[in-house]
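> what follows is a predicted structure for the sequence shown.
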Amino acid sequence: MRSISAKLAVPIILSGVLAGCAGPVQVKPMVADPEGYSATNFSSARVVVPPGVLASPGAERLGFKRLTVYGESLVAGAEKKPDAVKVTYETTYINDGNNGAVRIIEQTFSNGLPSGMSFELNYHGVANMAIQVAALRNQTAHPIMFLRSVKAWDSLADVRENSVYSFEGSSSIRDPLAQSFLRNRHCESQTFYDANRFIQGTPGRAIDLLCTDFNSNGVKQTELKFVWLTAYNLAISTRVTSARGTLENQVERIRVD
């Protein structure tokens, strides 16, 4: 989710940012050192996270230090043209303290060339606390959008079958004049199955999380599907659908360090 998938998931918010008081930022530091840029700007030690969002260090352990997902994304517009766009992607999740936080770096490639990047500080891969999306073709990026306050933020320390998890709050860029945007993500877990069915060789169990994003008026904006892997306590994005179209992530392999 993110470069392409993040564009589908948060288009209205980011469009509002650029239409307001903030302008685009340069991507050179991101491209030159993605991991350094992520550590400097998206670490939970540097991002001010609202109280109650993250557990104390070590309280929500993740089963990895670094996990990278490789795959292909199929992007189809809402007009349902027969020729969908295929891109490859590489999404890296970095354990940021065994407190539920992961730093995410996603890179997408079109015809073998880098086409997009995105960075996040995220809660178990399901709900972001900070996000930035870059279009490499234009050599510009949106300003970082930060989670500013929360109304509801359910724990994912123990994901169970047929359960509901809600993440509701407001986000804005780091500008005193910036407008805040309400966000509401509602997720429902399904039933467990062998994680080997998702990707061969993956240990433990998996469970689908079906999520819906609503705006401040309760209107549905985005539908998302994640696969939660119990071995890693992490959600992997597999589908994003919005008014702009549908993105299907076809995961090919996972590398765990």
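Done, it's in.
> when you work out contacts or count neighbours from here on, use the C-alpha atoms and nothing else.
Will do.
> where does pLDDT dip in the stretch 1-150 of the chain?
Filtered on pLDDT under 70, the stretch 1-150 of the chain yields the residue ranges 1-24, 78-84.
> now do the helices in it.
Per DSSP state H, counting those that start in this stretch, the stretch 1-150 of the chain carries helices over the ranges 3-9, 11-19, 28-32, 34-42.
> if you count neighbours, what's buried in the top strand by length along the chain?
Ranked by residue count and defined by DSSP state E, the top strand of the chain is strand 181-194. The neighbour-count check on strand 181-194 (16 or more other CA atoms under 10 Å) flags 181, 182, 183, 184, 185, 186, 187, 188, 189, 190, 192 as buried.
> need the residues you listed in a markdown table (columns: distance to residue 235 and pLDDT).
Below are the buried residues of strand 181-194 laid out as a markdown table (distance: CA to CA, whole Å; pLDDT from 0 to 100):
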| residue | distance to residue 235 | pLDDT |
| --- | --- | --- |
| 181 | 24 | 88 |
| 182 | 23 | 91 |
| 183 | 19 | 89 |
| 184 | 18 | 96 |
| 185 | 14 | 97 |
| 186 | 15 | 98 |
| 187 | 12 | 98 |
| 188 | 13 | 98 |
| 189 | 11 | 98 |
| 190 | 13 | 98 |
| 192 | 13 | 98 |
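> could the residues you listed be laid out in JSON lines, adding distance to residue 120?
Shown next, in JSON lines, are the buried residues of strand 181-194 (distance: CA to CA, whole Å):
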{"residue": "181", "distance to residue 120": "17"}
{"residue": "182", "distance to residue 120": "18"}
{"residue": "183", "distance to residue 120": "16"}
{"residue": "184", "distance to residue 120": "18"}
{"residue": "185", "distance to residue 120": "16"}
{"residue": "186", "distance to residue 120": "19"}
{"residue": "187", "distance to residue 120": "19"}
{"residue": "188", "distance to residue 120": "23"}
{"residue": "189", "distance to residue 120": "23"}
{"residue": "190", "distance to residue 120": "26"}
{"residue": "192", "distance to residue 120": "27"}
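> okay, now residue 152: neighbour count?
15 (other CA atoms under 10 Å).
> give the helix, strand or coil label for the residue nearest to it when sequence neighbours are not counted.
Counting by CA to CA, 6 or more residues apart in numbering, the nearest residue to residue 152 once its immediate chain neighbours are dropped is residue 168, at 4.9 Å. Following DSSP: H, G, I helix; E, B strand; the rest coil, we place residue 168 in the strand state.
> for residue 177, same thing?
coil.
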